[in-house]
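Peer 1: Mind folding the following:
(chains A and B)
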There are 2 protein chains.
Amino acid sequence: MTDTITPAETTLEELDAIVAAAAEAAGRMAVASPSERGAWLRAAARALEAQRDVLVPLAQEESHLPEGRLSGELSRTTGQLELLAAEAESGAVWDVVIDHADPDWKPVPRPDLRRVTVPLGPVAVYAASNFPFAFSVAGGDTAAALAAGCPVVVKAHPGHPRLSVAVAEIVAAALAEAGAPGGLGLVHGFDAGIALIKHPAIRASAFTGSIGAGRALFDLAAGRPEPIPFFGELGSVNPVVVTPAASAARGAEIGAGYAGSLSLGVGQFCTNPGILLTPAGSEVIGAAAEALASVPAAPMLNERIAAGYASGLEELRGVEGVRVVVDGSTGDAPTPSLLAVDIDRFTEVERLRQECFGPVSIVVEYQDPADVVALAGTFDGQLTATVHGEPGEEVSAELVGVLSAVAGRVVWNDWPTGVAVTYAMQHGGPYPAATTAGTSVGTAAVQRFGRPVAYQDVPQELLPPALRDDNPWHLPRRVDGVWEHRP
Amino acid sequence: MTDTITPAETTLEELDAIVAAAAEAAGRMAVASPSERGAWLRAAARALEAQRDVLVPLAQEESHLPEGRLSGELSRTTGQLELLAAEAESGAVWDVVIDHADPDWKPVPRPDLRRVTVPLGPVAVYAASNFPFAFSVAGGDTAAALAAGCPVVVKAHPGHPRLSVAVAEIVAAALAEAGAPGGLGLVHGFDAGIALIKHPAIRASAFTGSIGAGRALFDLAAGRPEPIPFFGELGSVNPVVVTPAASAARGAEIGAGYAGSLSLGVGQFCTNPGILLTPAGSEVIGAAAEALASVPAAPMLNERIAAGYASGLEELRGVEGVRVVVDGSTGDAPTPSLLAVDIDRFTEVERLRQECFGPVSIVVEYQDPADVVALAGTFDGQLTATVHGEPGEEVSAELVGVLSAVAGRVVWNDWPTGVAVTYAMQHGGPYPAATTAGTSVGTAAVQRFGRPVAYQDVPQELLPPALRDDNPWHLPRRVDGVWEHRP
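Peer 2: Predicted structure coming up:
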């Protein structure tokens, strides 16, 4: 699996065979029990962990990311496979609702009705460049689809093709050994990626990447004779607002934290803060500049991304009214840049609101906090929005309210980078942050890949186990309107 | 409100003002409590009930449906407003998940994260022709959107424009009296309907109707600069399978039940059975024919639908191999027709699988139950699929399994018409039955109109009430992975 040869592009015939295998496995995967689904995911996590010493160096070689970061990312990846295993084992993802027949139901008697969530079927997952483990072949979308009972066909990201093959082989073998009927296919190449989302046997799709590529795939998914859902995370500038009181109380600390968050991963996270609004002349700016000046050059993921960053940065620097605060370098291994502009100019120039993927951020200086509140209401959909404030301030409350209307996650006195994989996480947001209301991180990510089916008056012996009165899988259920957990 | 003048088409200026009013109300509706949302819906139900003597005759006049049917439909409509009021009051629709900060969380410590579902914002609801109350101005989609906290702008169906105005006025007044900041607007006309779904302030859309109109609106919703979800219920032929044992045991009874279900509402329900598969020569066919021959002529909803039915029926009758079993009439008030064809011919002709809106159904005769199981797996997405079988038969179990893969609701020894409004109901199904995985009937319909937002490390006093530790709204919550109901 440590082959040094880049895998060939998948032909359309190969793609057909891979998707057919997924479709073939789908029916048997759909009837697996909570403990079986859990076992698949746990086996995948264990197998990846066992190959850590092979996988991390391979990821380093292809992505140019540092070992510590990649090792942590692998732990996150196995951790989320295990968390979603536990979620499947809990039975929550079946979302069982049972209404017994009721002759007194108003306005008319009701029959016996039982609803369960079943897997949608084969899912196409488009891997991201910037998280070669956590948002790639065995990443969050794949784990969520498997936990939902769906086979997955991953379109490998060309930024780490050999790692993709290695991970796919490890996971597919682990799934098979754990008794899964199938579950993971891999395709390479642009044409295969297009053919995949148009394939009639594919029933849902998930994506993390740019607005351009994501919208193109969204349009293909929606334009099919039978449209399928496209769960896309497309882009976000993750605005941060520093209130006057926070600037006065903790300006230097906030500036240093901002520098760290914007340069993390060479600015190649979906959650790096691209805009910081701060009082004009705030200590935040100087502190951020000082911290950024000492950040060493670090390689970007690949040449294409580095080139895109260089031209995007040049464009931003050329906007009238934009000042260069930290004059970072570009090239394959850039140093961070910091730009500044006043709020009136920022409001006028649409380009300044758009994501520039890489280690640059724009400080927007304001005089009147009311201007920030007004501006915040006009932001496009965001994955995150952050407030650095002090609890007593009225503007803090206003900002939390306004930003919750445009973002999927509102962060207080912390930084948006670092997306915890938990029950309550929401990694999504209004378009273009995401294309649907769901989350791609956390246990709720599983819900995207299911479809409810109701059974009316079906006798016990013909019901799926999830819906039988004796509840052989010990599922949490809502019965006659009342929830029953931990049966 | 009993004006006899047909309302004029809404101009684009009027539409802008109506949508602006909805957008203005949205922010204040979003922060309302469970009891406030419940009060809005209950007020709407009471107000409609109080005007029953005005509304039912008006509906009769415009829809040509009988009084008893319309009176029952109004009860269903007020009943679902009340059920969704109770669902809002239960707090379930906030779907609160709280993760306390945990330094021991693996692989990295987690911050305090709290997620709540907030309303998407103004919803465009496209009313259906065939349920002037239950799938129209104050129907299921409107009730669900209001229960989710969203203002609604309804595109009136031209089949009952004056009833639409009356219901909208009653409901809007009741909402206002109950303290709602807004909540219901109404527009008329094709151009307004198109402009509505493209309006930037509209955040979601819902529809019940034909595949042609639904797909056109779906494409508009998906093609917007910022796409919005389109919850469409487009069409279904609702196949029914009678097994050999059921045919032998209860052929006459099944035939009579089938006749009743297919002719109910002059065949103008989304759930009328359009195809019945039965053993060749079964007693079912004669019994159905006999029952249908005595069904009196009844008026269809309007001339356009009657004309569409006449041409659709003529087309079906002209398909080679199709036999006419009951030679029903067409015209404004048709009598039911029954056609028959053998399974091999049925399998060959795509047209026979498509919905013909009106009182006709096709009996498909089979020799080998295995052929039916194979055919069932090839059906397009369906709202319902029904099996009339006997528990001992192997083919019954196979059919329940195969049909659950193509339908939203599987019915056993009963009929698909009659959609109970309950917790477990699923009224939807794979495309084209529905455009998304959700349901348009029952309490789960509310979930379609929400978007989760997570708050990270936000202090108690800045959190919305739904997420505070003291739980002032007494919401059910998932806390650190464990559900807490009935606090």
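Peer 1: Tell me where the stretch 151-300 of chain A has strands.
Peer 2: Along the stretch 151-300 of chain A, the segments classed as strands by DSSP state E, counting those that start in this stretch run A:152-155, A:184-187, A:204-208, A:230-233, A:240-242, A:275-279.
Peer 1: can you put those in a markdown table and add mean pLDDT?
Peer 2: Shown next, in a markdown table, are those (pLDDT from 0 to 100):
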| stretch | mean pLDDT |
| --- | --- |
| strand A:152-155 | 98 |
| strand A:184-187 | 98 |
| strand A:204-208 | 98 |
| strand A:230-233 | 98 |
| strand A:240-242 | 98 |
| strand A:275-279 | 98 |
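Peer 1: And those: which comes nearest A:Thr384?
Peer 2: Each of these was scored for nearness to A:Thr384 using Cβ to Cβ, and the closest is strand A:240-242 (8.8 Å). Quick note: C-beta positions are derived from backbone N, CA and C, even for glycine.
Peer 1: Chain neighbours aside, what residue packs nearest to A:Gly358?
Peer 2: Distances taken as Cβ to Cβ, 6 or more residues apart in numbering or on different chains place A:Tyr309 nearest to A:Gly358, at 3.3 Å, with adjacent residues excluded.
Peer 1: any idea how far the one you found lies from chain B?
Peer 2: 26 Å (Cβ to the nearest Cβ, to the nearest Å).
Peer 1: Then A:Asp104?
Peer 2: Counting by Cβ to the nearest Cβ, the gap between A:Asp104 and chain B amounts to 13 Å.
Peer 1: Can you convert the strands of the stretch 151-300 of chain A into TSV and add a column each for mean neighbour count and distance to B:Cys150?
Peer 2: Listed next are the strands of the stretch 151-300 of chain A as TSV, based on neighbours: other Cβ atoms under 10 Å in any protein chain shown; distance: least, Cβ to Cβ, whole Å:
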stretch	mean neighbour count	distance to B:Cys150
strand A:152-155	28	33
strand A:184-187	26	39
strand A:204-208	28	25
strand A:230-233	27	22
strand A:240-242	28	27
strand A:275-279	25	29
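Peer 1: I'd like to know which of those lies nearest to B:Gly38.
Peer 2: strand A:230-233 (32.0 Å).
Peer 1: The closest one: how far from the chain's middle?
Peer 2: In terms of Cα atoms, centre = their mean, to the nearest Å, the centre of strand A:230-233 is set 9 Å apart from its chain centre.
Peer 1: try stretch A:230-237
Peer 2: Centre-to-centre, stretch A:230-237 and its host chain are 8 Å apart (Cα atoms, centre = their mean).
Peer 1: Mind listing residues that contact that stretch?
Peer 2: The contact list for stretch A:230-237 (Cβ atoms under 8 Å, 6 or more residues apart in numbering or on different chains) reads A:141, A:197, A:204-211, A:214-215, A:217-218, A:221-222, A:270-271, A:273-275, A:353-355, A:381-384, A:427-429, A:431-436, A:438, A:440, A:448.
Peer 1: So what's the residue count around A:Ala307?
Peer 2: Other residues lying near A:Ala307 total 14 when counted by other Cβ atoms under 10 Å in any protein chain shown.
Peer 1: residue contacts, it?
Peer 2: So A:Ala307 contacts nothing (Cβ under 8 Å, 6+ apart).
Peer 1: in what helix or strand does it lie?
Peer 2: helix A:303-318 (DSSP states H and E).
Peer 1: Buried residues in that helix, which are they?
Peer 2: Residues of helix A:303-318 classed as buried by neighbour count (16 or more other Cβ atoms under 10 Å in any protein chain shown): A:Ile305, A:Ala306, A:Gly308, A:Tyr309, A:Ala310, A:Gly312, A:Leu313, A:Leu316.
Peer 1: where along the stretch 251-400 of chain A do the helices fall?
Peer 2: For the stretch 251-400 of chain A, applying DSSP state H, counting those that start in this stretch gives helices covering A:283-293, A:303-318, A:343-348, A:369-376, A:394-404.
Peer 1: Of all the ones you listed, which one is nearest A:Leu12?
Peer 2: Judging those by Cβ to Cβ, what sits closest to A:Leu12 is helix A:303-318, at 25.0 Å.
Peer 1: Work out the gap between the closest one and the centre of the chain.
Peer 2: Computed by Cα atoms, centre = their mean, the separation of helix A:303-318 from the middle of its chain amounts to 24 Å.
Peer 1: tell me the mean pLDDT over the helix holding A:Ala307?
Peer 2: Average pLDDT, helix A:303-318: 95.
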